[in-house]
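Q: here is my input, please return the structure:
(chains A and B)
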Amino acid sequence: MRVKVTVVDYGVGNLLSVCRAVEHCGADVALAESAAQILAAERLILPGVGAFADAMKALDQRDMVGAIQSYAQTGRLFLGICLGMQMMLSESDEFGKYAGLNLIPGKVVRISSTDVNGHQHKVPHIGWNQLVYPAKKDGTHWLGSILDGLSAGASAYFVHSFTALPDNPEARLADAVYGGSLLSAVIRMNNLYGCQFHPEKSGPIGLKIIENFIHRCICF
Amino acid sequence: MKNVRLIARLDVKGPNLVKGIQMEGLRKLGDPNEFAKRYYEAGIDEILFIDIVASLYERNSLYEIVRRTTQDVFIPITAGGGLRSVDDVRTMLRAGADKVAINTAALKRPALIREIAETFGSQCMVLSIQAKKTTSGRWECYYDNGREHTGRDVVEWAQEGVELGAGEILLTSVDRDGTAKGFDCQLVGTVSNSIPIPLIAGGGMGKLADLVEVVNEGCADAVAMAHVLHYGKLTVDAIAMEAERKGFRKGRQFTNAR
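A: Numbers count the residues shown, from 1 in each chain, chains lettered A, B, ... in the order given. Prediction:
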């Protein structure tokens, strides 16, 4: 039987690419437009582009905030992509202070407009960047995760101006280096995963990550 | 380290991939979806589709091409040409585009840039600028494939675009487009160093040295290529290897993904 992946549809952005990538990796896709559909999901993806506050408001207007929080407690797999990953945290500094889904304690802050040497660099961080092991971590942390089978140096497509800072550094599974600083690229807590980059736009590496999420991933 | 993006630019007219010289004298080259897929498989970083007649005839056949491309191309897709409203942009994003490139409509009504950025985020609002050199040594903004001039200064318009919320600038030199004579590095450098957002340089790529020059001297963050790829003058692989060798692009490791 084919695995079914549910993608949260709250009226923003490009859902088609996520759906196509999931289908390409051998799963059926359903869109969730209601709290009930979220709660019934086997595997749930929360995509997102745009501004944090707008996206949280759009979830709230559809009564999806509580549903996603309840889903996260079931132990079933969850993947937040880009803004969807940032919304997993407790709060964001984007244009004010806004509460997130609070699935993983921590906050979302703006990427510094200067690099580690104090030189101006361009924000947003747009383009392909390599996944690296966070401090004190190695490839063994990726085994059984959505990064299973990949090694440090694999590239993924990023586009973001804000970055997630989980309170517990253990939640960081992979980082990316931008302007000499480490940014969270993949975060994980138990059954919950978040990717700052777009796996559905990251070629064969991204498809491998989605395939792991569908077929191989085990919960911690 | 800089990590320059290599972008394949596909100009379309109706269902066909086309290419001209200085945006005139278009030749049909084939099925844009086939070209996009080939470049994806060869390791290009992004695909850029521009419907070059949509603004002239007020119609848009690009939605279907984008929709088909998302079936087997899993890298970012930017689409532009004839998009005039937030609703047009929404339809294009729903068709599978990640970003939209806006030129004519933004020149006619700059507030559109802000509306798109506020509705969908700056990351999907690419301000497309067609630049022609003037006798005074500056550059002027054009539209309708370099036919219509505006009197607007390119650098000032790029800066205004940033303030209105553009996430990237696609800067095409009309003088160099399709000529394979190299980029207008003076233009690219002047604009890139006056804006805090990424700049995509287009118009003129003919050989590997052109790429190196526009990155090193023009400070381009990304390079859009058409002619040189479509006519098979250089392969994506050769371009990517040169960029890596010169130290401004990280090699994209795909080997252990299968």
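Q: low-scoring stretches of the chain, by residue?
A: By default, I'm working from chain A. Low-confidence segments of chain A (pLDDT under 70): A:13, A:217-220.
Q: that's the other chain; I wanted chain B
A: In the prediction, chain B carries residues with pLDDT under 70 at positions B:1, B:55-60, B:253-258.
Q: which positions in the stretch 51-200 of chain B make contact with chain A?
A: B:67, B:70-72, B:74-76, B:93-98, B:118-124, B:167-168, B:196-198 (CB under 8 Å from any CB of the partner chain). In this view, the C-beta of every residue, glycine as well, is placed from N, C-alpha and C.
Q: and residue 32, how many neighbours?
A: No chain specified, so I'll use chain A. Counted with other CB atoms under 10 Å in any protein chain shown, residues neighbouring A:Ala32 total 24.
Q: can you look at chain B instead?
A: B:Pro32 is flanked by 24 other residues according to other CB under 10 Å.
Q: returning to that earlier point: which of the residues of the stretch 51-200 of chain B next to chain A are buried, as a ChimeraX select command?
A: Selection of buried members from those for ChimeraX, criterion 16 or more other CB atoms under 10 Å in any protein chain shown:
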select /B:67,70,74,75,76,93,95,96,97,98,118,119,120,121,122,123,124,167,168,197,198
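Q: helices - which of the residues of the stretch 51-200 of chain B next to chain A land there?
A: Members of these lying in helices (criterion: DSSP state H): B:67, B:93-94, B:118-120.
Q: report the secondary structure state of the residue in chain A that chain B sits nearest to.
A: Chain B sits closest to A:Gly50 of chain A, with a gap of 3.6 Å, by CB to the nearest CB. Per DSSP: H, G, I helix; E, B strand; the rest coil, the local secondary structure of A:Gly50 is coil.
Q: what's the distance between it and A:Phe197?
A: Distance from A:Gly50 to A:Phe197, counting by CB to CB, to the nearest Å: 16 Å.
Q: what do you get for B:Leu170?
A: For B:Leu170, the distance to A:Phe197 - CB to CB - is 22 Å.
Q: which residues does the spatially closest residue to B:Arg5 that is not a sequence neighbour bridge with?
A: Distance criterion CB to CB, 6 or more residues apart in numbering or on different chains; nearest residue to B:Arg5, sequence neighbours excluded, is B:Ala222 at 3.8 Å. Counting by DSSP bridges, B:Ala222 is bridged to B:Arg5, B:Ile200.
Q: ok so A:Leu59 is a helix residue?
A: Yes - remark: A:Leu59 belongs to a helix, assigned using three-state DSSP.
Q: next up, the contacts around it.
A: Residues in contact with A:Leu59 (CB atoms under 8 Å, 6 or more residues apart in numbering or on different chains) are A:8, A:10, A:65, A:68, A:87, A:101.
Q: which SS class is the last one?
A: So that's A:Leu101. Recorded secondary structure, A:Leu101: coil (three-state DSSP).
Q: does it touch A:Met87 like I think?
A: Yes - if you go by CB atoms under 8 Å, A:Leu101 and A:Met87 touch, sitting 5.2 Å apart.
Q: what touches both of the two?
A: Common neighbours of A:Leu101 and A:Met87 (CB under 8 Å, 6+ apart) are A:56, A:59.
Q: compare neighbour counts for these two and give me the winner.
A: A:Met87 (26 against 22).
Q: if I pick the more buried one, what's in contact with it?
A: With CB under 8 Å, 6+ apart, A:Met87 has these contacts: A:46, A:48, A:52, A:55-56, A:59, A:80, A:100-101.
Q: distance of the residue nearest to B:Arg5 relative to B:Ile7?
A: Distance, B:Ala222 to B:Ile7, using CB to CB: 6 Å.
Q: now do the shared contacts for those two.
A: Common neighbours of B:Ala222 and B:Ile7 (CB under 8 Å, 6+ apart) are B:45-46, B:200.
Q: and stretch B:169-186, how far apart are its ends?
A: End-to-end distance of stretch B:169-186 (CA to CA, to the nearest Å): 16 Å.
Q: which parts of it are buried?
A: So, applying 16+ other CB under 10 Å, buried residues of stretch B:169-186: B:169-178, B:180, B:182-185.
Q: name the nearest residue to whichever residue of chain B sits closest to chain A, ignoring sequence neighbours.
A: Here chain B gets closest to chain A at one residue, B:Gly121, 3.6 Å apart by CB to the nearest CB. Leaving aside its chain neighbours, B:Gly121 sits nearest to A:Gly50 (3.6 Å; criterion: CB to CB, 6+ apart).
Q: cool, and B:Phe120?
A: In space, and not counting its chain neighbours, B:Phe120 is closest to A:Gly50: 5.7 Å by CB to CB, 6+ apart.
Q: ditto for B:Arg68
A: Excluding the flanking residues, the one nearest B:Arg68 by CB to CB, 6+ apart is B:Asn33, at 5.0 Å.
Q: any idea whether the closest residue to B:Met225 other than its chain neighbours is helix, strand or coil?
A: Nearest-residue entry for B:Met225: B:Met205, 4.7 Å, with adjacent residues in sequence omitted and distances by CB to CB, 6+ apart. Recorded secondary structure, B:Met205: coil (three-state DSSP).
Q: list phi and psi for B:Met205.
A: The phi and psi torsions at B:Met205 (degrees, to the nearest 10) take the values phi -60, psi 120.
Q: just the one 5 residues further on next, same as before
A: With angles defined as degrees, to the nearest 10, B:Asp210 shows backbone torsions of phi -60, psi -40.
Q: what sits against it?
A: Per CB under 8 Å, 6+ apart, neighbours of B:Asp210: B:182-183, B:204.
Q: and it, how far from A:Ala67?
A: 53 Å.
Q: likewise for A:Asp138?
A: Separation of A:Asp138 from A:Ala67 (CB to CB) stands at 37 Å.
Q: and the two? Which one has more around it.
A: Taking other CB under 10 Å, A:Asp138 and A:Ala67 do not tie; A:Ala67 has more neighbours (22 against 10).
Q: pretty sure the more buried one sits in a helix.
A: Yes - A:Ala67 sits within a helix when classified using three-state DSSP.
Q: before we move on, the earlier item: hang on, isn't the residue of chain A closest to chain B packed against B:Ile116?
A: No - under the criterion of CB under 8 Å, A:Gly50 is not in contact with B:Ile116, lying 10.7 Å apart.
Q: more neighbours, these two?
A: More neighbours surround B:Ile116 than the other of A:Gly50 and B:Ile116, with 30 against 20 (other CB under 10 Å).
Q: for the more buried one, give its distance to A:Phe162.
A: Counting by CB to CB, the gap from B:Ile116 to A:Phe162 is 19 Å.
Q: what ranges does chain A have for its helices?
A: For chain A, helices defined by DSSP H occupy the ranges A:15-24, A:35-39, A:52-61, A:65-73, A:83-86, A:203-211.
Q: okay, now the sheet partners of the strand ranked longest in chain A, with direction.
A: Determined from DSSP state E, the single longest strand within chain A is strand A:181-189. According to DSSP bridges, strand A:181-189 forms sheet pairs with strand A:172-178 (antiparallel), strand A:192-195 (antiparallel).
Q: residue 46 - how many residues pack around it?
A: If you meant another chain, say so; for now it's chain A. Using other CB under 10 Å, A:Leu46 has 29 neighbouring residues.
Q: should've been chain B
A: Using other CB under 10 Å, B:Glu46 is surrounded by 25 other residues.
Q: quick check: it touching B:Arg5?
A: Yes - using CB under 8 Å, B:Glu46 makes contact with B:Arg5 at a distance of 5.9 Å.
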